[in-house]
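dropping the sequence and predicted coords here.
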Amino acid sequence: MKKNKYIYVLSFLVLSFACNEETLLPEIVEETEFVEFTNDQDVDFSNFVALGASFTTGFTDNALFIEAQENSYPNIMATIFADIAEGGEFNQPLMNDNIGGLLFSGTQIQNPRLFFDGFGPVTLPATPTTEVTDKFTGANNNFGTPGAKIYHLLADGYGSVAGVPLELSNPYYARFSSSETSSIISDVVSAQPTFFTMIDAGGNDVLGYALAGGGFFNGEQAVNQEGNFDPSAYGTWDITDSNVFANAFGSVVTALTSTGAKGIIGNVPYITSLAHFTTVPYNAVPLDEATATLLNSGYDTYNGGLQAAAAALAGTGLFTDEELAARTISFAAGDNAVVIEDESLTDLGAIDPAFAGLPKYRQATANDLLVLTSSSFIGTLVNDNPTLINGLSVPLADNWVLTPEEQAEITNAIDTFNASIETIASANSNVVMIDVNGILQEAATSGLPFDDFTLTTDLVTGGLIGLDGVHLTSRGYALLANKILETIDEGFGTNFGEATNGLAKADDFPTNYSPTLE
Amino acid sequence: MKKILLLVSLFLNITIVLSQTTITGTVNDASLGGTLPGANIKVTGKAVGTTTDFDGKFTLQVSDNPPFSIEISSLGYQSKTIGITKNNQVVNVALSENATSLDEVVISASRTPERIMESPVTVERLDARAIKNTTAASFYDGLENLKGVDINSNSLTFKSVNTRGFATFANTRFMQLVDGMDNSSPALNFALGNLVGLSELDVQSVELLPGASSALYGANAFNGIMFMTSKSPFDITGVSASAKSGVTYQDAAGINEFFDASVRLAHKFNDKFAAKATVSYLKGTEWFATDTRNTNGETYIAGDRNSDINFNGLNIYGDEVTTNIKGVAEILETTLGEDGNTLIPGGASALIPNVNVSRTGYEEVDLMDYEAESLKAGVSLNYRPWGDERLEIILNSKAGIGNTIYQGANRYSIKNFLMHQHKLEFKGENFFVRGYATIEDAGDSYDTRFTAINVNRRWKDDETWFGEYVGGFLTATLGGAATDEAHAIARSVADTGRFLPGTDEFNTAFNDVINDPDLSTGSKFQDESRLYHVDANYNFRELVDFAEIQVGGSYRLYSLRSSGTIYTDFDGPIDYDEYGVYTQIQKKFLEDRLKLTGSIRYDKALNFDGNFSPRVSLAYAAGENKNHNFRASWQRGFRNPTTQDQYIGLNVGNAFLIGSAPDNLDRYSTPDIDLSGTGSAITGQTAVSVSGRQAYENAFSLSSVQAGAPVAADVNLVQPETVTAYEVGYRSAVPVGEKRLTIDLSVYYNEYDSFIANENVAVPLYGSVDFTDFAPDGVTPLALAALSSGDFEIFNTYTNTEADITSYGTTLGLNTKIFNGYNIGLNYTYSKFDFDQDSDHDFEAGFNTPEHKVKLQFGHPNVYKNFGFNINARWQDEYLWESTFHDAVIDARTVIDAQVNCKVPSLKSTFKLGGTNLTGQEYLSAPGVGAIGTQYYLAWTFNN
């Protein structure tokens, strides 16, 4: 381009004062109304302490790791407290990595976290680096302890390092316990909380039983300990006695509030709504005609025995036609229900020794809940014998299934626990109860709206529950944090629900953790 | 150059010797010095005459024998009469400038010549002299300096003129006539600026009547009317030419050259026959429109493509295509893929947020043809059978072809747009009869928004794109991404393989799309609509003495031919006609001081009842020299709905536009629209089509839907809108020392009734808005179920608002000369409108006019040795611009234009160096248009 073409332009440009131009297209700035936080009752959030079990730690995808802890609901709440409610520092006994799992003296005692490999949850192929014996010291605000039952919170020595290999203490608490003889509650009280949450403290008192399918699991038989007032005699998978539960819960709350601290306590949800129990269908075993026929022939003896027993016991009322129909095993081409062992069935051998050879088998129904882990067990072979197929020719043992009777035990226990919690809450003006059970039921039925999402209890895809089927995703924990904050509003007159930045936002919390995160 | 001069001299030397008396002479400018080109020399009482050439010289040959007298006149100068006593007499006279411009004569205000001072209504005028002194790059742009006139710039080459508010770029309320021909495009119903208008060299005068004039000029003269009159080849002969070149500068477009050249050839063969031809060619670069800020389809909102997943940039197109990704996920989790599994796992929609996501668009600069180019030509054959003005037969053809940019609901590249007009006119001193045809061909014009949408779709259809987006989002989420990151990954997954501007694949798709007239796959505008018009006027002044009486009438036939791409003329042209008749009586009283004018016009259009529009005006000249002129008028104006208001049937992407002519409603049906899962379950169909009638008979008001409380829309078929206008004014030339100060003040008040409005409605794809049918639950009205499932479409209806709208304003103009011939002018315009939004929530008034405007002019046509200069400065207040394209507040602005010029009589030339918007502060005429930068030009004008 020739320069002299623009000589006349230049002469005019001299006249122009084109320097101090305003911006023609100024950036559009979002205007949002600022709602100030109000705290009319002067609730003191300056030293917030959380206690409870695994949910409180942020445990997710079957493990505890740094990012999960940072996305724990207490930490989410503490961040909001610090932002708008004069909250103080919130320290957590962070793990050493994002792998999850624990080592004790170099031996892995807890597995790394699960991740989604495109098909389903798988364990991260990595070795944990968090060593229990390498104790966490320093200030702590999060005393959540995975696996703790309500009475454990009061148990001296529950954080003993030495007790870990003997399975006498809890490895997570052992990492940060103040001494070999301290109890969680004593450590919490020493932290002098001004505000506390205890949301999931009663869950493990019933969850273990459910995880064990109410059966023999990991070397222990799950037992409903109702009536047994001695918790030291309880096993891992047992249901805590309701009186023991009520006393322990009450003691913990009394200890927490004795200094005037206020807090939120949670009741126990119907844990059978969790994905761990709702994911595996009872009847999703596809069979072709030939296999079905073959399998049926394997039950000819059993079915024939039932018929004989029915005939023999006709009119006695001891063996009903309904039970006969329920127990008769029959496969057909297409999807079939698995065969399970159900100890609640009539013990025909006890009635008449002639039928002693008849086991308590039946095909599962929609009322049975298969535990999540059964999905990788059903269809496997016993001793590589192609005729011994777990769930078909070989009935699933008790620990794989929660039968309606077992579910009723769980539900009854939860109902009595929750009645106690409600009584404790209503008797103490320093605590307000959050209806965790109601929240989980809403999630399991209509889903929980959270900003642009509706979280459901579906495994992997529901967004609420992590890959282990029990614990929440970080988005789920964020929602729980919001529910707690809104409960604080109701109970103590604050306005987290309306205040600007008063609630966590769904978009800030992922549902999954990357496999590359370590 | 030599060749041109040779040609010029050839023309100038042709004379046909018939006469007996020859008079030669020179006319000088007594006020400013120098000669006076273009002055008229006329034998008194006859139509015989000539004009001075560029040097002010003339030669007049007449058949009369002395003694007789000749009148020497020039626009803006006081006439002189000189007695001719002998053959070959040499006449040297000097004319003085009129003391004020109020002595000028206008025709349009009463369809009869009268001094502007005595006009019964407000009238603005721009003449050849003003055009020479304009600071604007063209006379048309120069209209902006008239008081009360707004120019809305679509683009460099398409300026839209308006007065007294309620303007959009599709200014169907303002009429533009060129030599009596309506200059509007038959399909668009408005004039494309001066694209197919008048050559600057051929402009005799421009008169502009602000406000309604339908009592005289019919249905479309609602906001105002402009008359452009060309120079008669009997009066102004010879060769004249001009060439303008310069640059436009804009931040976005950089420095671009432009070029504008015109030639006018006119020759009077004898007293009976004269002819002229004009050709103009312009080439330049349009202002780039680069406002990429985010919108919600109506106003600006925060965010950009990175921060807003549903980003919809103002000058970014294709990103209007938006959908709720949770809805997509719900479909995907029930749709079986080739492997027999659902496309995404059941329940996975819980991981997909309930948000709308927009496709990635293209910026306008990659879609619009910014090359401004136009060629216009006209020929006129003028025949006077008796050699005088008793009868003149004019055969006139004009054609213009060119490229420009038009902003309506979308931004259109008007490309190779051709419009031609052909007129046959018989006119005498007391009558005219004229008929003309306007024929257009939209050429290669296309819609940039649909270009982007369909380039995108040619690459990847919407279903696939959104499906991939959801898949990408889901994979990212399960891989550990938080929401923002998941959206970013999802977009990059869906955008994989996107056609990038500049690549062959983009160019191929782009060219295919802009040549495809089906808006579901292309963006081309097809139109060959026509308009035929006849009108006639007779003035009884020679037959009736007691008053001046005129009668007239007009007939117009539209033939809409868009092949179904704009109008619903799928099956052939739609014909639509209207006619009108009018009469006017004018009488002077009280020593001619009081002039009463009454007019009434009746108009009838095919689909509407007839309308009377009366006008009564009075003008009173007070003062010894009749120098204090008061005027007052009352009139009712009306406007018929345009052909688009009645016959459009167009999918513009975010809405369907449905004209409301009774026979139009069923002629348009939407393409099949996919139903949601819920909708499919209820109706048993996967997709439905709805007719245009639904928009008028079974629709919710969109504002009520957005407010969450849907109510049935009450949309009547569009009817004519009316205005009742009251106006008073005062004109005067007040002596101030030796000079005179001219004052022109007008105040108006308009009451509008049944203002034509667009109303957006939401048509449910199933269910009655009366809630008479219910969803399977037996409780939810079906139509509400449709709304909540997203099974509705937005229609833009054409109707009238019930809102009471008034507008009022005032204009004050002051002009005088100071020092030694410096012109100074100052005018102020106040414009305001009132209406109660509560009376019609859906109505968007679109006043689009600043409340305060101040314009200042300062110049001298001959300040020193043939040098002159002129400066215009304009300030206007901020104002809200409302349109189907976008709503936004336009900032207040000050614009300064200036020129210096030099006459070189020896070359018969004037050179002008000028610039517009010299502060360099770019401004917008409306949201979405290219920001107007600075323009510098050097113009050479020869023999004009």
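Good, I have the coordinates. Numbering: from 1, shown residues only, chains lettered A, B, ... in the order given.

neighbours of residue 321, how many?
Since you didn't name a chain, this refers to chain A. 9 (other Cβ atoms under 10 Å in any protein chain shown). Where C-beta positions appear, they are placed from N, C-alpha and C, glycine not excepted.

I was after chain B.
What residue B:321 shows, counting by other Cβ under 10 Å, is a neighbour count of 21.

and the residue lying closest to it once chain neighbours are set aside, what is it in contact with?
Ranked by Cβ to Cβ, 6 or more residues apart in numbering or on different chains and with sequence neighbours excluded, the top spatial neighbour of residue B:321 is residue B:359, at 4.5 Å. Residue B:359 makes contact with B:318-319, B:321-322, B:456, B:462, B:465-466 under the criterion Cβ atoms under 8 Å, 6 or more residues apart in numbering or on different chains.

in strands, which of these appear?
residue B:322 (DSSP state E).

out of the contacts of residue B:359, which are buried?
B:318-319, B:321-322, B:456, B:462, B:465-466 (16 or more other Cβ atoms under 10 Å in any protein chain shown).

mind putting these into JSON lines with distance to residue A:311 and pLDDT?
Listed next are the buried ones among the contacts of residue B:359 as JSON lines, based on distance: Cβ to Cβ, whole Å; pLDDT from 0 to 100:
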{"residue": "B:318", "distance to residue A:311": "77", "pLDDT": "94"}
{"residue": "B:319", "distance to residue A:311": "76", "pLDDT": "93"}
{"residue": "B:321", "distance to residue A:311": "71", "pLDDT": "90"}
{"residue": "B:322", "distance to residue A:311": "70", "pLDDT": "89"}
{"residue": "B:456", "distance to residue A:311": "74", "pLDDT": "96"}
{"residue": "B:462", "distance to residue A:311": "67", "pLDDT": "92"}
{"residue": "B:465", "distance to residue A:311": "67", "pLDDT": "96"}
{"residue": "B:466", "distance to residue A:311": "63", "pLDDT": "96"}
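
wait, which of those is closest to residue A:428?
Nearest to residue A:428, judged by Cβ to Cβ, of the buried ones among the contacts of residue B:359 is residue B:322 at 51.9 Å.

doesn't residue A:192 make contact with residue A:259?
Yes. With contact defined as Cβ atoms under 8 Å, residue A:259 reaches residue A:192; the gap is 6.8 Å.

any idea how far chain A is from residue B:38?
28 Å (Cβ to the nearest Cβ, to the nearest Å).

okay, and that residue sits in which element?
For residue B:38, there is no enclosing helix or strand under DSSP states H and E.

excluding chain neighbours, what is closest to it?
residue B:51 (5.6 Å).

report the beta-bridge partner residues of that neighbour.
residue B:40 (DSSP bridges).

need the residues of the stretch 401-518 of chain A near chain B, please.
Counting by Cβ under 8 Å from any Cβ of the partner chain, the stretch 401-518 of chain A comes close to chain B at A:447, A:451-456, A:458, A:460-464, A:506-517.

hmm, which of those are the buried ones?
Using 16+ other Cβ under 10 Å as the threshold, A:447, A:451-456, A:458, A:460-464, A:506-507, A:509-515, A:517 are the buried ones among those.

in strands, which of these appear?
Those of those mapping onto strands are A:453-455, per DSSP E.

circling back: which member of the buried ones among the contacts of residue B:359 is positioned nearest chain A?
residue B:322 (14.6 Å; Cβ to the nearest Cβ).

what is the mean pLDDT for stretch B:739-746?
Averaged across stretch B:739-746, pLDDT comes to 88.

select the longest helix from chain A.
Identified as the longest helix of chain A according to DSSP state H is helix A:404-427.

off-centre distance for that one?
In terms of Cα atoms, centre = their mean, to the nearest Å, the centre of helix A:404-427 is found 17 Å from the chain centre.

ok, residue 53 - contacts?
Looking at chain A here, since you left the chain open. A:144-149, A:200-201, A:203-204.

please go with chain B instead
B:12, B:37, B:238, B:908, B:943.
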